[in-house]
Structures are given as structure tokens and as C-alpha cells.
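1. Kindly return the folded structure for what I paste below:
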Amino acid sequence: MQFPESIRSPCPTTKSSPRRIRGLYFRSHNDIPLPVGITTTIPDVETALAKRFPCFESILGTRAFIHECLITCLDPAGKKHQFLLAYQEDPNLPLNRALQKVFPQALFRGEIVIMRGGTRSLVVNLKGKKEQVLAEEAVRRFLCEVATRRARNRRYQRVAELPTVL
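-> You can find the predicted model right below:
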């Protein structure tokens, strides 16, 4: 079985330290997203080959593949902000109520973790209400794209390819 492509790449250095970086967790059994610390391996010296490695498995678990998507959003001033979204679908979970508050048409059975992207690092702390609102907008864009692709592919009886970059 082939593993899906990953935006994350393993940290190749042994000189690294784990740290918890703040993100948002859209848990299937909650009505609102929860702030969460995602364990992230941070190399002592970050380079193009030695990047931060967020361990989404520490939050989402390993019951199914974790897929990732890089999403770019604009704030009201027109400045670009990037987010790394990780999601895991499980048909045995109920519809995610926290996601339905962000995008009412979401028929998503699974969970999402989202982190803010940095200018020089793959992920950085999500801080403040403004960044949380932008993160929720990134999740809304993702869910809208997923719904669109699934509807189009249902028409043609194909499995939808989900986005990796938006």
C-alpha cells in the first residue's frame, strides 16, 4: 500500500528538541474548536532539509491515514497567511459539529488540526483571536473545496481527490 504524499518531512538530525506549538483541534465530539499544543520536533538549526516536524499523530492518533493540506488565506488588509491543516477521516465517527459551525454544509466524519505557517519555519504558534479567525477561514476554504470535489465526483461516480494545497 502506498502512503499519501506528506507536506511534513522527518527531521533528519539527532540534535533536536520537542516543543508544543499551539494550534486548533476540531474534535468530532465537541461543538467548538479547542486550542491544543501539538508536539513538534524542532531541529537545533532549521534548514530547507531539517524542518520542524509537527506530530499530528499525538492529537489525531493512528487509526487512519493523516492527510495534509497547505492553505493560504488573506486577512482584511490583504496580507497572506499560510496554514498547515491535518485531517483524518473515520466513517465510524459522528458528523463533526465543530466543523459544521464553521461550514454548515460540512458532512465531515473525522477530525482536523490546524497550525499557522511561519515565514522561515513550517509551523509556528497560533496566537490571538485574529489568527484563530483566519485559521477558521482556512478550515472553511478546505471544507468548501472538499464538498465541491465530492459533489462533482459523485456525479461521475469517482472517488474525489482531496486537496493538498489551496
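2. and Arg150, what element?
-> Element membership for Arg150 (DSSP states H and E) is helix 128-155.
3. Report the distance from that helix to the chain centre.
-> 11 Å (CA atoms, centre = their mean, to the nearest Å).
4. Mind checking the pLDDT average for it?
-> The pLDDT scores in helix 128-155 average 90.
5. What helices and strands are in contact with it?
-> strand 16-26, strand 67-74, strand 80-89, helix 97-102, strand 110-116 (3 or more CB pairs under 8 Å, 6 or more residues apart in numbering; DSSP states H and E). C-betas here are computed from N, CA, C, even on glycine.
6. Nearest to Ala50 among these would be which one?
-> When these are compared by CB to CB, strand 16-26 sits nearest Ala50, at 7.9 Å.
7. how about TSV for the helices and strands packed on helix 128-155, with distance to Arg150 and mean pLDDT added?
-> Rendered in TSV, the data for the helices and strands packed on helix 128-155 read as follows (distance: least, CB to CB, whole Å; pLDDT from 0 to 100):
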stretch	distance to Arg150	mean pLDDT
strand 16-26	18	92
strand 67-74	14	93
strand 80-89	11	95
helix 97-102	14	94
strand 110-116	13	96
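8. do you know which of the ones you listed lies nearest Cys55?
-> When the helices and strands packed on helix 128-155 are ranked by proximity to Cys55 (CB to CB), strand 16-26 comes first, at 8.0 Å.
9. could you give the angle of the closest one to helix 128-155?
-> Angle of strand 16-26 versus helix 128-155, following axes from the mean of the first three to the mean of the last three CA atoms, to 10 degrees, is 70 degrees.
10. what angle do the helix or strand just after strand 16-26 and helix 128-155 make?
-> Toward the C-terminus, strand 16-26 is succeeded by strand 34-43 as the next helix or strand (DSSP H and E). Interaxial angle, strand 34-43 versus helix 128-155 (the same axes, to 10 degrees): 90 degrees.
11. quick one: buried residues of strand 34-43?
-> Going by neighbour count (16 or more other CB atoms under 10 Å), the buried part of strand 34-43 is 36, 38, 40-43.
12. shouldn't Leu24 be in contact with Leu34?
-> Yes - Leu24 lies in contact with Leu34 (CB atoms under 8 Å); the separation is 7.1 Å.
13. Burial check on Leu122, number of neighbours?
-> 21 (other CB atoms under 10 Å).
14. what do you get for Thr62?
-> Thr62: 10 neighbours (other CB under 10 Å).
15. where does it fall, phi/psi-wise?
-> Note on Thr62: its backbone torsions stand at phi -120, psi 20 [degrees, to the nearest 10].
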